[in-house]
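Asks: give me coordinates for this.
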Amino acid sequence: MTDDLSPLIDVLDAWSLNQTPAMRRKLARKMGQTLRKRQQKNIAGNVDPDGQPMPKRKKRPRGSIAKRGKMFKALRQLRNLRLKTSDTEIEIGFPPGKVSDIASIHHFGLEGAVDKEGRIRTRYPVRRLLGFSQQAEDEIMDALAGMFP
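Replies: Next up, the predicted model:
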């Protein structure tokens, strides 16, 4: 995963010098939507932002009647994977509350409750939900190229 965003930042800084705040907001919104789609795909595919598979769930005991669906189904919905933009920044995250708590527990590998009453607790493995990769940077650059002739 890349932490050096300087090439992307340099291109955007040079371009934004001649633009109005409204145009910069439009650009930020387009970049944010592209980045959010990438995050949704990663979460749906149980893949970290850098492309590595997330740790699998623990096996359930035989005879368990609880059915398991896909992991993080609710977290990747638009209402839960929020996008805020302005002419100077882009923010993608989860709303405060239960959704944010679940996302934090998995993203940072914290201890959390397994049952609804909170009696059974376990430490979850780190499953990075949000991040910025080279693939995300390439997708953003492609989206931006489509905006400008």
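Asks: mind naming the longest helix for the chain?
Replies: Counting by DSSP state H, the longest helix found in the chain is helix 21-44.
Asks: got the CA coordinates for that helix in CSV?
Replies: Only the C-alpha atoms of helix 21-44 are listed here, as CSV (Å, rounded to 0.1, in the frame of the first residue of the first chain):
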residue,chain,number,x,y,z
PRO,A,21,-13.8,26.7,-5.5
ALA,A,22,-16.9,25.3,-7.2
MET,A,23,-14.7,23.5,-9.7
ARG,A,24,-12.4,22.2,-7.0
ARG,A,25,-15.5,20.9,-5.1
LYS,A,26,-16.7,19.1,-8.3
LEU,A,27,-13.3,17.5,-8.7
ALA,A,28,-13.2,16.5,-5.0
ARG,A,29,-16.6,14.9,-5.3
LYS,A,30,-15.6,12.9,-8.4
MET,A,31,-12.4,11.7,-6.7
GLY,A,32,-14.3,10.8,-3.5
GLN,A,33,-16.9,8.8,-5.4
THR,A,34,-14.2,6.9,-7.2
LEU,A,35,-12.4,6.2,-4.0
ARG,A,36,-15.5,5.1,-2.2
LYS,A,37,-16.4,2.7,-5.0
ARG,A,38,-12.9,1.2,-4.7
GLN,A,39,-13.4,0.8,-0.9
GLN,A,40,-16.8,-0.9,-1.5
LYS,A,41,-15.2,-3.4,-3.9
ASN,A,42,-12.4,-4.2,-1.5
ILE,A,43,-14.8,-4.7,1.4
ALA,A,44,-17.2,-6.8,-0.7
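Asks: and the very next helix or strand once past it, which strands flank it?
Replies: For helix 21-44, the following helix or strand on the C-terminal side (DSSP states H and E) is strand 82-85. Strand pairing for strand 82-85, using DSSP bridges, gives strand 90-93 (antiparallel).
Asks: pLDDT of the partner strand, averaged?
Replies: The average pLDDT within strand 90-93 is 91.
Asks: got the contact list for the longest helix of the chain?
Replies: 12, 16, 19, 48-49, 70, 72, 75-76, 81, 83-92, 129-130, 132-133, 135-136, 139-140, 143-144, 147 (Cβ atoms under 8 Å, 6 or more residues apart in numbering). No exception for glycine: its C-beta is placed from N, CA and C like everyone else's.
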